[in-house]
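1. predicted model, plus sequence, below.
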Amino acid sequence: MGNRSHPRGNAPNALAAWLREAVARPLAGWREVYEDFSPVDLATGERRPRAPGPGERARRVAVLVPVLLGPEGARVVYTLRTGGLKDHAGQVSFPGGSAEPEDGSLLETALREAEEELDLRRDLVEVVGELDEVYIPPSRFLVKPFVGLLPPEADMVLAPEEVETIFCVPLEELASPGVSGKIRLEREGHVLEARTFLVGGYEVWGATAAITAGLLARLGWRPPAS
């Protein structure tokens with residue numbers, strides 16, 4: 001994948017070591033990667049910011065980016081949010097949510113939410129690092145992503161009040177040419193253009209796409225030219 005060394009074969013141990021090293025490495029160009037996946041208002045040409053403005057109050061949110069390891073390779077786990085939720089209904093997402101007073105840290109928030117949404121036991125998650133925060137202006141969420149490796153035996157069962165579908169996408173597929181494209185969508189009377197990952201019949205866009213790109217970039221992938 002890209003110009004960094006992908007482990008020969010798909011042995012889970014080799015993949016795990018590769019991912020641990022890649023996620024731990026800072027990404028110098030993370031802001032540019034995030035901005036590339038930020039929707040643009042076609043009427044004004046303005047791009048949604050990926051960091052809150054001066055004095056703007058943001059809601060702290062954490063998500064888990066689950067990567068399922070197995071003999072067939074590494075697969076990123078996504079959820080499709082149900083249509084009745086208050087924020088980001090019907091969109092592809094990672095398990096996560098707002099920090100609660102009882103959470104000792106944002107990592108605890110991410111693990112708790114993954115357990116609530118996917119019935120994913122914490123002891124099955126090997127947290128290998130964190131990615132850079134991404135801001136979502138419509139909901140004022142400031143999202144902290146954590147990457148967690150899951151063993152092949154990790155079972156996930158969705159919570160139907162929050163999650164409509166769970167689906168997995170191989171890392172190699174996400175990084176394939178032609179998977180990243182652009183879509184137009186209407187939100188609150190505005191027509192937006194957004195770069196996406198088109199996988200498994202789903203459109204992964206917005207902050208979820210930016211986080212995905214941030215992970216892939218650490219593995220040597222580069223966004224296609226606009």
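-> Done, it's in.
2. mind listing what the lengthiest strand in the chain pairs with, with the direction of each?
-> Counting residues, the longest strand found in the chain (DSSP state E) is strand 59-70. Here strand 59-70 has these sheet partners by DSSP bridges: strand 73-81 (antiparallel), strand 96-98 (antiparallel), strand 141-150 (parallel).
3. what mean pLDDT does the last one get?
-> Looking back up the chat, that one is strand 141-150. Strand 141-150 shows a mean pLDDT of 96.
4. check which residues of that strand are buried.
-> 141, 142, 143, 144, 145, 146, 147, 148, 149, 150 (16 or more other C-beta atoms under 10 Å). (C-beta placed from N, C-alpha, C; glycine too.)
5. so where do the strands sit in this structure?
-> Under DSSP E, the chain gives strands at 40-41, 59-70, 73-81, 92-93, 96-98, 126-130, 134-136, 141-150, 163-170, 180-187, 190-199, 202-204.
6. for these, give me JSON lines that also has distance to residue 28.
-> As requested, those are arranged in JSON lines below (distance: least, C-beta to C-beta, whole Å):
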{"stretch": "strand 40-41", "distance to residue 28": "24"}
{"stretch": "strand 59-70", "distance to residue 28": "20"}
{"stretch": "strand 73-81", "distance to residue 28": "23"}
{"stretch": "strand 92-93", "distance to residue 28": "27"}
{"stretch": "strand 96-98", "distance to residue 28": "25"}
{"stretch": "strand 126-130", "distance to residue 28": "16"}
{"stretch": "strand 134-136", "distance to residue 28": "16"}
{"stretch": "strand 141-150", "distance to residue 28": "18"}
{"stretch": "strand 163-170", "distance to residue 28": "26"}
{"stretch": "strand 180-187", "distance to residue 28": "21"}
{"stretch": "strand 190-199", "distance to residue 28": "20"}
{"stretch": "strand 202-204", "distance to residue 28": "24"}
